[in-house]
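Take this sequence and fold it.
(one chain, ligands or ions: 1)
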Amino acid sequence: MAGGERRVGLATDVKAMFIRVEIAGAAAKDKELAKKLAEVCPVNIFGQAPDGTATLVEDNLDECVLCELCVQAAPPGGVRVVKLYDGTVLQR
Ligand code: SF4
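Here you go, the predicted structure:
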């Protein structure tokens, strides 16, 4: 890739430079979990679609404070927070 160009993956990460949040398919469809994620995240990265499923608020992704509350609220493998700047991942 040319200098300065950045490879992007999922549509959810196009605006965030430092953080990518991934919600596993089954977890994203869990309406109770979606509600919990929206409640625990201190910087409102999680929202809920009209049908109750989890959404990501792209504009807030880089506000993540790496508190891991979302990771702990979800079942193992449900939520991953990827630090794009060093490649490490918060997960359980
Ligand atoms: S680690 Fe904390 S701030 Fe970051 S997305 Fe999860 S709950 Fe929000």
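
quick one: secondary structure of the residue nearest to the spatial centre of the chain?
The residue lying closest to the centre of the chain (Cα atoms, centre = their mean) is Val21, at 2.3 Å. Val21 carries the three-state label strand when classified by DSSP: H, G, I helix; E, B strand; the rest coil.

Would you agree it is in contact with Val81?
Yes: with contacts counted by Cβ atoms under 8 Å, Val21 reaches Val81, the gap being 5.5 Å. Placement of C-beta: from N, CA and C, glycine included.

joint contacts of these two?
Jointly contacting Val21 and Val81 under the rule Cβ atoms under 8 Å, 6 or more residues apart in numbering are 64, 70.

Double-check that Gly47 belongs to a strand.
Yes: Gly47 forms part of a strand when assessed by three-state DSSP.

Asp59 is in contact with that one, correct?
No: using Cβ under 8 Å, Gly47 is not in contact with Asp59, being 10.9 Å away.

if you count what's nearby, which of these two comes out ahead?
The neighbour comparison of Gly47 against Asp59 (other Cβ atoms under 10 Å) goes to Gly47, with 15 against 11.

Having no further points to raise, I will conclude here.
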